[in-house]
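Novice: Provided below are the primary sequence and the corresponding predicted coordinates.
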Amino acid sequence: MTINSDTLLQRVQQRIFDEGDLQEGLNEVYHCVSAVMPVGKMSWLQFHYDLNMLRVIAQATEIGGEKTNFTYNLPGELIALLCSRDIPEIYLMNHPEKDPLGKEICNRAKLFDWSSLFLNFQNHTGTYGAIMIMTDRKNRYTEAHGRLLSGLKKPLQRVMDALILDNETRSPHPKLKEPVKDKNEFFRQVTRRLCGHLDLQAGVSQCLQYLSRFMPADALFVRQREPEFQSERVLAESYGFFHQQTGTLIPLPIPADTRRTPGIRIINRPEDSSALKLYMPIFGSEICCISMPLIHKERPIGAAVVGLEGRARYTEEHMQLFALLHDPFVLALSNNIRHREVIRLKNLVEEEKKDLAEELHCTAPDTIIGGSLGLEKVMENARLVAGQDSPVLLTGETGVGKEMIANFIHWQSSRKDGPLIKVNCGAIPDTLVDSELFGHEKGAFTGATRQKLGRFERANGGTIFLDEIAELPLPAQVRMLRVLHNKIIERVGGTESIPVDIRIIAATHRNLEERVKAGRFREDLWFRLNVFPIRIPPLRSRTMDVPALSDHFIEKKSRELKIHPTPPLSPDAMARLTAYSWPGNVRELENVIERELILNTGGPLTFQNLSPTPTHEEPAGHDMKTEDILSLDDLFVRHVKKVLVLSNGKINGPGGAAEMMKIKPNTLRNRMKKLGIAYGREKR
Ligand SMILES: Nc1ncnc2c1ncn2[C@@H]1O[C@H](COP(=O)(O)OP(=O)(O)OP(=O)(O)O)[C@@H](O)[C@H]1O
């Protein structure tokens, strides 16, 4: 939403002057400016030449506008520069470290990666104030932004002047804070700001802005006590000039004896406090604070800390004022703790829901195609072993159907009413393998905020399918061996031995024997898993399954994609499908069919884009049985027949079989004749 200067002036007039609602007026300004340029924070700055001081008299951010009173002493030459008449009305500070004021802010706030845009206001004495628009990262403002801001000068200056006038009537001296005339009102206003947001960071920022009017305050922190880690974590922190979000939580040491929580205290020297000492490397030793423990139902739950540049700047009076705010801080912190707990539980439910959905996904046995053809032997073995409880090791290239056979075994076993839990050992980060497989106890490591059952425990009474078993890190292999051996698990961080009744089916596309030789897989574990190995052959060595599989997937995918009627195959499509070598096996066939159905614009499916690939190179002997071995002549016959399908029987010329095979047409014809392959007229 962009509005012009006159409309904004009208709105400011109405909100601030007619309705007396300064916060709403500042909000209007913020939204109007942020609609046309990047704005993290807008600050109204007043320059006090005589006092060498810069005062931030109001701020507006996404969360709202607020009258403030942050004061900063500046070197004489800098304030003289800011107040000079010669300073331009619009001023771009895209590289703050190269500008005198920018450099000063960078050093004091210890923040360097930002840019800002100034609109300066002058009277007969010189420049008396400015609007500072600030955003993160350098080089964000352009001359065009400057012109847009300049266009809004009238309403912005009107707000500035109103703020200055208001300050003059409220506080007798720019260096002094407003007196708290009505403590109840003060309490009410702080509570409204602190507890008015679900986001504690937003509440703390607004609270600091408000507090800055009544007491020296340049930073406000809320920390949460974490007794199990003997520390306090900073949950929210806000600074006057910049709203800095640390993102990371800083653990803070606290006295080991938590029963003796010290009361509210002024720390006028950072060396006296272990918490404040942590800030010395950032802000130096010229800092002080008031630290107030937050006690809820007689238990310390954290602390609220208000801080300031300079030493020994807090007095007993400031401390008493801050102490009034104990209960709102407790309320805000305990609300935040509860809110995070709700979010954590919500995520937990989502996670469980996802896991359950995954489990549900495999609750129905798949239709297995090829059980009486290419997979006959596999199915025979699967049926045999299903009734036993022995471990099964499924091997075969990726996409051949290992998981499908694992499902089949589970469903044919006496454990079919129990769970079937799948674990992709290759997809779990190394550091989480143990906790995923065996579970963990609450507090076992940072982030283990509750007890978690591992996959083995969840598979109790059923089957666990360990896919990609070869990827399991060696330390987890040791633990896995123990489970196979004793059928007992121990959760990470726990001491209890938990018996589990499980059947193990493992699968891998790798050559485990070679991995054992290379020392990457434990031999003893391999022996344990390899009790009943089932090798699933690649699709290219059982091309007799391709037609039935193709029909099955065309039916299935058409149903899923809601394609009616199911398109037929073109006359040469099946030849193409069987001629292809399917390096990705059945999964690839499934995907190719899905893609063909999606791309099909009517008419039969041709699979034109499926070019025959050279027969898949395999490691010697990997998937080959003696009966699979063909003579070279037989191989040649097969190959030529496949190529002829693709060339539509054509031998010479472009697209002909000879060109595809990179041999002379006559040579090909002679060999075909010799081997009895019919072609041309002969064929008809
Ligand atoms: N014989 C078959 N009949 C029907 N569908 C099959 C058959 N073989 C495999 N599929 C299907 O092919 C896809 C891949 O199979 P699956 O996931 O079982 O392979 P995999 O060997 O476990 O693969 P990976 O090694 O990559 O985990 C699945 O959608 C599966 O349903």
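Specialist: Alright, I've got the coordinates. Numbers count the residues shown, from 1 in each chain.
Novice: so Gln209 touches Ile63, yeah?
Specialist: No. Between Gln209 and Ile63 there is no contact under CB atoms under 8 Å: 9.8 Å. No exception for glycine: its C-beta is placed from N, CA and C like everyone else's.
Novice: these two - which one has more neighbours?
Specialist: More crowded of Gln209 and Ile63, by other CB atoms under 10 Å: Gln209, with 28 against 19.
Novice: and the residue lying closest to that one once chain neighbours are set aside, how close does it get to Leu156?
Specialist: With sequence-adjacent residues excluded and distances taken as CB to CB, 6 or more residues apart in numbering, Gln209 is closest to Glu66, at 3.9 Å. Distance check for Glu66 against Leu156: by CB to CB, to the nearest Å, it reads 16 Å.
Novice: in terms of neighbours, single out the busier of these two.
Specialist: The neighbour count for Glu66 versus Leu156, taken as other CB under 10 Å, is higher for Leu156 (25 against 22).
Novice: how close does whichever residue of the stretch 351-500 of the chain sits closest to the ligand sit to Phe214?
Specialist: Proximity of the stretch 351-500 of the chain to the ligand (CB to the nearest ligand atom) peaks at Gly401, 2.9 Å away. Gly401 is 73 Å from Phe214, where distance means CB to CB.
Novice: next up, the contacts around Ile290.
Specialist: 264-267, 305-306, 314, 318-319, 322 (CB atoms under 8 Å, 6 or more residues apart in numbering).
Novice: tell me, what's the model's pLDDT at the closest residue in space to Gln388 that isn't next to it in sequence?
Specialist: Of all residues not flanking Gln388 in the chain, Phe532 sits nearest, at 7.7 Å (CB to CB, 6+ apart). What the model reports for Phe532 is a pLDDT of 94.
Novice: quick one, phi psi at Phe532?
Specialist: Taking degrees, to the nearest 10, you get phi -130, psi 90 for the backbone angles of Phe532.
Novice: quick one, what contacts it?
Specialist: 381, 385, 388, 390-393.
Novice: buried ones from those residues, can you make that a ChimeraX selection?
Specialist: Burial among the contacts of Phe532 is assessed by 16 or more other CB atoms under 10 Å; the matching ChimeraX selection reads:
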select :381,385,391,392,393
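Novice: wait, the residue nearest to Gln209 sits on Tyr210?
Specialist: Yes. Counting by CB under 8 Å, Glu66 touches Tyr210, with 6.1 Å between them.
Novice: spatially, and excluding backbone neighbours, which residue is closest to the closest residue to the ligand within the stretch 1-150 of the chain.
Specialist: Per CB to the nearest ligand atom, Arg137 is where the stretch 1-150 of the chain lies closest to the ligand, at 42.9 Å. Excluding its sequence neighbours, the residue lying closest to Arg137 (CB to CB, 6+ apart) is Asp113, at 5.7 Å.
Novice: could you show me where the helices are in the stretch 151-300 of the chain, in order?
Specialist: Counting by DSSP state H, counting those that start in this stretch, the stretch 151-300 of the chain has helices at residues 153-170, 183-195, 200-211, 274-277, 280-283.
Novice: now for the second one, which elements pack on it?
Specialist: Yep, that's helix 183-195 we're talking about. Contact analysis of helix 183-195 by 3 or more CB pairs under 8 Å, 6 or more residues apart in numbering; DSSP states H and E lists helix 200-211, helix 326-361 as its packing neighbours.
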